[in-house]
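1. Whatever this is, show me its structure:
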Amino acid sequence: MTPKKETKSTKIVQAVVVVAAVLLIIAGICNGSALDVLIKGINICTECVGLG
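-> Got it, this is the predicted structure:
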């Protein structure tokens, strides 16, 4: 089984996806979504442990 060679177009697509992901993460942090996700994560963890 030989590994596939990455072509130039594959690298471009990967770069575009990474840039889009970073931009969307920054947009989520700026509009306050990160705090919502943190609060929901804390709530789920405390419910699993039996504290909530």
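2. I'd like the next helix or strand past the helix or strand encompassing Leu24.
-> Taking DSSP states H and E as the criterion, Leu24 maps to helix 8-30. Next helix or strand after helix 8-30 toward the C-terminus (DSSP H and E): helix 33-49.
3. Let me know the angle separating that following helix from helix 8-30.
-> Comparing the axes of helix 33-49 and helix 8-30 via axes from the mean of the first three to the mean of the last three C-alpha atoms, to 10 degrees yields an angle of 80 degrees.
4. that older thread, for the helix holding Leu24, what does the pLDDT average out to?
-> For helix 8-30, mean pLDDT rounds to 95.
5. Run through who's touching it.
-> With C-beta atoms under 8 Å, 6 or more residues apart in numbering as the test, helix 8-30 has contacts from Ala34. Heads up, the C-betas are built off the backbone N, CA and C, glycines and all.
6. can you dump the C-alpha coordinates of that helix into CSV?
-> Written as CSV, here are the backbone C-alpha positions of helix 8-30 (Å, rounded to 0.1, in the frame of the first residue of the first chain):
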residue,chain,number,x,y,z
LYS,A,8,-0.6,21.2,-5.5
SER,A,9,-4.4,21.4,-5.6
THR,A,10,-4.8,19.2,-2.5
LYS,A,11,-2.4,21.5,-0.6
ILE,A,12,-4.4,24.6,-1.7
VAL,A,13,-7.7,23.0,-0.6
GLN,A,14,-6.2,22.1,2.8
ALA,A,15,-4.9,25.6,3.2
VAL,A,16,-8.3,27.1,2.4
VAL,A,17,-10.0,24.8,4.9
VAL,A,18,-7.6,25.7,7.6
VAL,A,19,-8.0,29.4,7.0
ALA,A,20,-11.8,29.1,6.9
ALA,A,21,-11.7,27.1,10.2
VAL,A,22,-9.5,29.7,11.9
LEU,A,23,-11.7,32.6,10.7
LEU,A,24,-14.9,30.8,11.9
ILE,A,25,-13.3,30.2,15.3
ILE,A,26,-12.3,33.8,15.6
ALA,A,27,-15.8,34.9,14.6
GLY,A,28,-17.3,32.6,17.2
ILE,A,29,-15.1,34.0,19.9
CYS,A,30,-15.9,37.6,19.0
